[in-house]
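S.K.: Need a 3D model of the sequence below.
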Amino acid sequence: FIVEKYGLTGNKWMTFGGSYPGMLAAWARLKYPDLIHGAISSSAPVQAIENFQGYNDVVGASLANPLVGGSHQCTYEVANAFQAFGDALASGSGRQQLARQLNLCGQTPIEDIHNQAQLLQNLFNVFPVQSNDPACTDPACNIA
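M.R.: Numbering: from 1, shown residues only. Got it, this is the predicted structure:
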């Protein structure tokens, strides 16, 4: 698009990114070496791992770190909350109760495993772990 719009033929392109965007920068270079001359990829987990415990450990340490507004109580409360959601999603009666508590339209959306995963991802995004700011006033910033 940019090459055609601005007549930028013959230029060398670089991709940049940190964390997940860093993964994309590196993978784009691998996939399109004819288009992308180089990639700068910082803190990028370029080897996909299911249930990445190393990342979970870093998140837990961040939630517990008082220098960024965390505490051990915060880590404990977040872990318990996700455990409670996991337990509820594991049973039909738990899913029905969640559907009522979350005021879902009908009972079937929460039965879909993809919707369950999206729900947990959306809940995870409430906690500003990678941008933890001690000055944050959002309710999820300083649980304890």
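
S.K.: make it CA atoms for all contacts and neighbour counts henceforth
M.R.: Fine.

S.K.: Run through the strands of the protein in chain order.
M.R.: Taking DSSP state E as the criterion, the chain carries its strands at 13-18, 36-42.

S.K.: and among those, the most buried is which?
M.R.: With neighbours defined as mean count of other Cα atoms under 10 Å, those peak in mean count at strand 36-42, which reaches a mean of 17.

S.K.: Could I get the average pLDDT for it?
M.R.: On average, the pLDDT along strand 36-42 is 93.

S.K.: Strand partners (parallel or antiparallel) of that strand?
M.R.: Strand 36-42 sits in its sheet next to strand 13-18 (parallel), going by DSSP bridges.

S.K.: how distant is the strand it pairs with from the center of its chain?
M.R.: 20 Å (Cα atoms, centre = their mean, to the nearest Å).

S.K.: And the longest helix along the chain, what's buried?
M.R.: Determined from DSSP state H, the single longest helix within the chain is helix 72-89. Under the neighbour-count criterion of 16 or more other Cα atoms under 10 Å, helix 72-89 has 74-75, 78, 85, 88-89 buried.

S.K.: As TSV, these with distance to residue 22 and pLDDT would be great.
M.R.: Output for the buried residues of helix 72-89, formatted as TSV (distance: Cα to Cα, whole Å; pLDDT from 0 to 100):
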residue	distance to residue 22	pLDDT
74	29	86
75	27	88
78	27	88
85	31	93
88	35	95
89	33	95
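
S.K.: do you know how far the residue nearest to the spatial centre of the chain is from residue 46?
M.R.: In the chain, the C-alpha nearest the mean C-alpha coordinate belongs to residue 125, at 6.1 Å (Cα atoms, centre = their mean). As judged by Cα to Cα, to the nearest Å, residue 125 and residue 46 stand 21 Å apart.

S.K.: again with residue 82
M.R.: To residue 46, residue 82 is 26 Å away according to Cα to Cα.

S.K.: where exactly do the helices run in this protein?
M.R.: So, for the chain - with DSSP H - the helices run 2-6, 20-31, 53-64, 72-89, 92-101, 113-124.

S.K.: so how far is the fifth one off the chain centroid?
M.R.: In this case it means helix 92-101. 25 Å.
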